[in-house]
Structure formats: structure tokens, C-alpha cells
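1. Pasted the sequence and its predicted model underneath.
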Amino acid sequence: MGGTWFLGRAVVTGALGRGWSVTTFNRGRSGAGSCDVTAVHGDRTVALDVRRLVEHGPWDAVIDTSSADLSPREVMLSTEALRGKASRWVHISTVSAYAGWPQWPLTDDSALLEAPADADASFGYTSPDGGPTAYGFQKAGGERAVTKYFGGRGVFLRPGVILGPGEYVGRLPWWLARAKRGGNILAPAPADRVIQPVDVRDVAAFALDQARTGQPGGYNVTHPAGITFDCFLRECLSATGGVGVPVWAQPDVLTSHGVAQWTELPLWRTHAGVWSVDSSRAVAAGLHCRPIAETIRDTWDWLDGGGRPVDHPRWADHGITLEKEAEVLASIGRVEAGPADCPTGTARTCVCMSRCGHTGLAEAQTRGTWAPRGSVESCMLAPGGPRPSHRGE
């Protein structure tokens, strides 16, 4: 279900690579489909179109990548029609379907939001503090629409944030564009906060594995190792060749300037559970996640090579304006690094390399993130940025 956008395209590519016969069902209005599939065009919210799809079955499995904007009732239209035409239904859901997200850490056994299988688009609400959301209620109801007609033949994948080539939401593309521009880059503290985005190709591979042999039930699909926000930004700089310095702003500073979480600084959110999603069950079932650094590099290569996502309104929601970023940066003033982070151990007001684990001394000097004692003039700081000093000023 789907097959031409982002995850759907990755699923189709992976299935064809395994030698599978693939049927896609979508409206055919956006994204280029593969010529190697049986393409059925129709609107899955229209009963007549769904009945036409049924005529092309049966299938071993359905992988549903296109229900993000559907009500549970609209999902149920397809599950009811296809219950006798497919052996298994792999449903792409979301961590937002959990009652405790984003406030609390999650496991696969965490409780889902309550939403009936026949709910329409008006069901649910969005809490002022960010969770639960109407979207989460709708997705929880969508899962129940699958269970109603597929029972124990339903598999539910609950990813958090999916990144990678083809991303249409705009989170990673915005950070890459910002890194390429360089200079002082407003970054959400703490720098060592671990985030868990997962590569679209790894989600697709796991979905295909579950379509073939998966056990019923739910799987959290988040990166088991993750990456610190600091390393994430430095990988963006490395991939793009940008010469920039992350300037870490505490959450209270960002909120005092009205910086919107999750959108103006993509991937930043202060809730305790947003990046505390246990994916151990999925890992035990075969989920393999490539290093996030690889996802970053491949996404930049895709963008730099002329790749463009499908048009989507969410793209425009992401990224802080230059004027607002400059305002927050001005309020912070100079970046201070304590002795523990400074390679000389003496600086009080220098811009230093963070101890990221993957960034070597030579790379740091080349990118200009710090200058050793006695060579301050060779440090490649952003125009107008503060001059570092390793003389303990």
C-alpha cells in the first residue's frame, strides 16, 4: 500500500531486490513508480477502488506504508476487503500510538492509546504539552483496524523518526543545509543527548523480513545505539564540507525565545521519553541499523546529486529562520569551553573540539573547530565569530 514515497519506495526496491513479485496500490499522483511492479491505481478511501485492488490478489503479505493520514475507519476499509486475500499484514504505525509518548520511556509492552477501529478523523485530541496527539490516537485506532480483520496475522512496526535518502519531511535535509552554510550553528543542549533516528532502508528491510516470517505483535523500530546530537551535527558538517561551530543553547534559552520544539530545530524535544524507546525486541527479530553517520552521508550525496523529495507541506514547517537564529545566538554571546573539553586544558573562552569519539585531531584542525596553542590566527572561524584564545583569558 503506497510504494512511491520514501519508505514505500524503499520497500519496493528491497522487495524487487529479493526477487519478489510486487503489486503497488496508490493514487499515482506523486512519486515515480517502478516499471517492475504491477501498479494498481486507486484511492484506498474509496470502496470501489479497493474492490478493484482485490481482483489482483491473492498475496503472501500486505505492507502498509500509506496510512499516516488515514483515519482508523479508512484503514479498516482495506483490511476488511483484503482479509481473505493476504496471509499477513505488516502495518507501519508509530511510537506516537503509545499512551506514554513522548513523556515516558517506552518498551514494546507499553500501553497504546485507546481508539476504536471504526473511529473517524475527528477522534482524539492533542495535549498542550505535546502528548498525546490526535495523530497518535488515529494511529492506535489504525492498528486496531488491522487487528479486527487480521487478528494474529498482523505485525505492527512503530518507528520514531525515519531519515535517509528521499526524506520528504525535511528534518535531516534542513540540518545538512544548515551545516553546509557553516558559521555559528545554533544547537540544542545538551550536546551529549542521544537521539534514535533510523534509516529508511533499514526499516524497509525489517518490514520485508516480517512480511516473510515475522511473529505477530508490535515492534519498536528505533536505532538501538543512536548518536549524540553533537556527533550528529559534526557528521553533518563532515558530510557537507561546511566550516561551522555548534553553539549549544540550553532548553530554557531556546524556549524563552519561542523556538518551537521538533520543527524549528528539527529532532530537538525536551520530553524525557522522546528518545528513550527500547527496540530490543526488533533487534532480536533481526532489525539491523546502519550507523547514523552513513545515513547522513548518503542523504547528503542524494541531495547534492540533485535528489528531490516529493512535495509535502511538512517540509516548510522545519527550520529556524536566519533572523531568529541570529537573535538567539546574540543572546548567548561567546561560546565557553571548560578545561575538560579543551585540548590545552587552559582555555576559558575558546571554541573547542567536542570529545566526540570519531573526530580526530587532524580533522578538527582542518575544519577549524579549534586551534592549538600558538596558532590561533590559522583557525577557520565563521566571519564575525569570536576569536578563540588558548591563553586562559
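-> The structure has been received and is ready for your questions.
2. When you work out contacts or count neighbours from here on, use the C-alpha atoms and nothing else.
-> Fine.
3. Show me the strands in the stretch 151-300 of the chain, by range?
-> Using DSSP state E, counting those that start in this stretch, the strands of the stretch 151-300 of the chain run over residues 154-159, 162-163, 183-188, 194-195, 198-199, 217-221, 227-228, 244-249, 261-262, 265-266.
4. ok, residues contacting stretch 96-110?
-> By Cα atoms under 8 Å, 6 or more residues apart in numbering, the residues outside stretch 96-110 that reach it are 95, 111-113, 130-133, 135-140, 160, 218-220, 271-279, 281.
5. repeat that for 7 Å
-> Outside stretch 96-110, the residues within contact range by Cα atoms under 7 Å, 6 or more residues apart in numbering are 95, 111-113, 131-132, 136-137, 139-140, 218-220, 271-274, 276-278.
6. Mind checking which of the residues you listed are in helices?
-> When DSSP state H is applied, those are split such that Gly136, Phe137, Lys139, Ala140 fall in helices.
7. Which of these has the largest number of neighbours?
-> Lys139 (31 neighbours; other Cα atoms under 10 Å).
8. Pull the contacting residues for that residue.
-> Here Lys139 is in contact with Ser93, Ala97 (Cα under 7 Å, 6+ apart).
9. Can you tell me, leaving aside adjacent residues, what's nearest to the residue nearest the centre of the chain?
-> Centroid-nearest residue in the chain, with Cα atoms, centre = their mean: Val161, separated by 2.6 Å. Leaving aside its sequence neighbours, Val161 sits nearest to Pro197 (Cα to Cα, 6 or more residues apart in numbering; 4.9 Å).
10. And that neighbour, how close does it get to Asp209?
-> Distance, Pro197 to Asp209, using Cα to Cα, to the nearest Å: 20 Å.
11. Compare neighbour counts for those two and give me the winner.
-> With neighbours defined as other Cα under 10 Å, Pro197 and Asp209 compare such that Pro197 has more, 25 against 15.
12. I'd assumed Val221 was in contact with that one.
-> No: contact between Pro197 and Val221 fails when scored by Cα atoms under 7 Å: they sit 9.1 Å apart.
13. Find the residues that touch each one of these two.
-> Gly160.
14. residue ranges of the helices in the stretch 51-200 of the chain, please?
-> For the stretch 51-200 of the chain, helices defined by DSSP state H, counting those that start in this stretch occupy the ranges 72-82, 134-150, 171-181, 200-213.
15. hmm, back to that, so which of the ones in helices among the contacts of stretch 96-110 comes closest to Trp20?
-> Distance to Trp20, by Cα to Cα, is smallest for Lys139 among those, at 28.4 Å.
16. Identify the residues contacting the helix or strand where Lys324 lies?
-> Assigned by DSSP states H and E, Lys324 belongs to helix 322-332. By Cα under 7 Å, 6+ apart, the residues outside helix 322-332 that reach it are Leu186, His257.
17. picking up where we left off before, among the helices of the stretch 51-200 of the chain, single out whichever gets nearest to Cys231.
-> Using Cα to Cα, those put helix 171-181 closest to Cys231, at 12.6 Å.
18. what about that closest one, average pLDDT?
-> Summarised as a single mean, pLDDT over helix 171-181 is 97.
19. what helices or strands is that helix leaning on?
-> helix 229-240 (3 or more Cα pairs under 7 Å, 6 or more residues apart in numbering; DSSP states H and E).
20. Pull the residues that contact the helix it packs on.
-> Here helix 229-240 has contacts from 176, 179-180, 191-195, 243, 293, 296-297, 300, 356, using Cα under 7 Å, 6+ apart.
21. closest to Gly152 among those residues?
-> The closest of those, once distances to Gly152 are taken by Cα to Cα, is Ile195, at 32.1 Å.
22. I figured that closest one hits Ala225, correct?
-> No: contact criterion Cα under 7 Å: Ile195 and Ala225 do not qualify, at 8.9 Å.
23. Would you mind measuring the gap between the ends of stretch 282-294?
-> Stretch 282-294: ends 21 Å apart by Cα to Cα.
24. which of the residues in that stretch are buried?
-> Ala282, Val283, Leu287, His288, Cys289, Ile292, Ala293 (16 or more other Cα atoms under 10 Å).
25. Could you tell me which of those residues are located in helices?
-> Counting by DSSP H, the part of the buried residues of stretch 282-294 found in helices is Ala282, Val283, Ile292, Ala293.
26. what two of the residues you listed are the furthest from one another?
-> Most distant of these, by Cα to Cα, are Ala282 and Ala293, 21.1 Å apart.
27. re the thing from before, in TSV, list the ones in helices among the contacts of stretch 96-110 along with distance to Val62 and pLDDT.
-> As requested, these are exported to TSV (distance: Cα to Cα, whole Å; pLDDT from 0 to 100):
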residue	distance to Val62	pLDDT
Gly136	22	96
Phe137	23	97
Lys139	17	97
Ala140	19	97
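28. What is the nearest of those to Asp64?
-> Lys139 (12.4 Å).
29. shaky segments in the protein?
-> The chain contains residues with pLDDT under 70 at 31, 334-393.
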